[in-house]
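A.B. asks: Quick one: sequence and predicted model below, then my questions.
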Amino acid sequence: DTGVSQNPRHKITKRGQNVTFRCDPISEHNRLYWYRQTLGQGPEFLTYFQNEAQLEKSRLLSDRFSAERPKGSFSTLEIQRTEQGDSAMYLCASSPNRYEQYFGPGTRLTVT
Amino acid sequence: TQLLEQSPQFLSIQEGENLTVYCNSSSVFSSLQWYRQEPGEGPVLLVTVVTGGEVKKLKRLTFQFGDARKDSSLHITAAQPGDTGLYLCAGVGAGNKLTFGGGTRVLVKP
């Protein structure tokens, strides 16, 4: 399967714990995006990378959130000191620098 | 802040009926996309519309982009249960980042 993959698919954590999600984009796609989707809503943009450079971060991305794409391939999104309001589906998408974005299946985070 | 509003939020119809979903923006986007999302999965791109007044057809789906590039619609003819899902419109902004509407949940009953 050469699509976008995300791991883990589900994560349950206790409030205050740190979590890290991974996204493996489609090979040779130079752009990678992170979005967050809460129940019953459309996805909201968090941040994006062109190769290894993080070009934009949404105001939704508080200091507790950090994203990296160290070699311009896979990316990680870390949330420190999780809060119940962080519970959501975290979606990753990659793009070959055109309009099209290809989404992964998402990581569903539940903070108890 | 650019906002996209979709209507209706939920639509339940019988198999064979037609439906239309609307997407309205407070400002102009360079292009607009429509996605379909199944439960527990990521959105899948259906179409990108770029030119004001553009109409695109994808089998039983017809997409229109308003002349002023601030609104769009998705029309499904003779809906089938397989059309059930969450339909999302998204405006394409700088860096090709997407601003999504709230989605329209469509249920097609057999």
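C.D. replies: Good, I have the coordinates.
A.B. asks: quick one: residue B:76 and residue B:83 touch, right?
C.D. replies: Yes - Residue B:76 lies in contact with residue B:83 (Cβ atoms under 8 Å); the separation is 5.7 Å. Every C-beta, even on glycine, is put in place using the N, C-alpha and C of the backbone.
A.B. asks: With neighbour numbers in mind, choose between these two.
C.D. replies: Set side by side, residue B:76 and residue B:83 show more neighbours around residue B:76, with 21 against 18, by other Cβ atoms under 10 Å in any protein chain shown.
A.B. asks: and chain A, which of its residues are near chain B?
C.D. replies: For chain A, the residues in contact with chain B (Cβ under 8 Å from any Cβ of the partner chain) are A:4, A:31, A:33, A:35, A:40-45, A:48, A:50, A:55-56, A:91, A:93, A:95, A:97-106, A:108.
A.B. asks: Out of the residues you listed, name the ones that lie in strands.
C.D. replies: Mapping the residues of chain A next to chain B onto strands (DSSP state E) picks out A:31, A:33, A:35, A:44-45, A:48, A:50, A:55-56, A:91, A:93, A:95, A:102-103, A:108.
A.B. asks: What is the neighbour count of residue A:74?
C.D. replies: By other Cβ under 10 Å, 16 other residues sit near residue A:74.
A.B. asks: With adjacent residues omitted, what lies nearest to it?
C.D. replies: Spatially, and ignoring its direct neighbours in sequence, residue A:74 is nearest to residue A:24 (4.8 Å; Cβ to Cβ, 6 or more residues apart in numbering or on different chains).
A.B. asks: go on, residue A:70?
C.D. replies: Nearest non-adjacent residue to residue A:70 (Cβ to Cβ, 6+ apart): residue A:52, at 6.4 Å.
A.B. asks: about what we covered before: buried only: go through the ones in strands among the residues of chain A next to chain B for me.
C.D. replies: Neighbour-count burial within those applies to A:31, A:33, A:35, A:44-45, A:48, A:50, A:56, A:91, A:93, A:95, A:102-103, A:108; the criterion is 16 or more other Cβ atoms under 10 Å in any protein chain shown.
A.B. asks: Any chance you could list residues touching both of residue B:76 and residue B:83?
C.D. replies: Common neighbours of residue B:76 and residue B:83, counting by Cβ atoms under 8 Å, 6 or more residues apart in numbering or on different chains, are B:60, B:106.
A.B. asks: Next, count neighbours for the residue nearest to residue A:70.
C.D. replies: Residue A:52 - counted by other Cβ under 10 Å - has 14 other residues nearby.
A.B. asks: so how far is residue A:67 from it?
C.D. replies: According to Cβ to Cβ, to the nearest Å, residue A:52 and residue A:67 sit 11 Å apart.
A.B. asks: Over to residue B:69?
C.D. replies: Residue B:69 sits 31 Å away from residue A:67, going by Cβ to Cβ.
A.B. asks: And for residue A:106?
C.D. replies: Distance from residue A:106 to residue A:67, by Cβ to Cβ: 15 Å.
A.B. asks: where in chain B is pLDDT low?
C.D. replies: Applying pLDDT under 70 to chain B picks out residues B:1-2.
A.B. asks: Which positions in it make contact with chain A?
C.D. replies: B:4, B:6, B:31, B:33, B:35, B:40-45, B:48, B:88, B:90, B:92, B:94-103.
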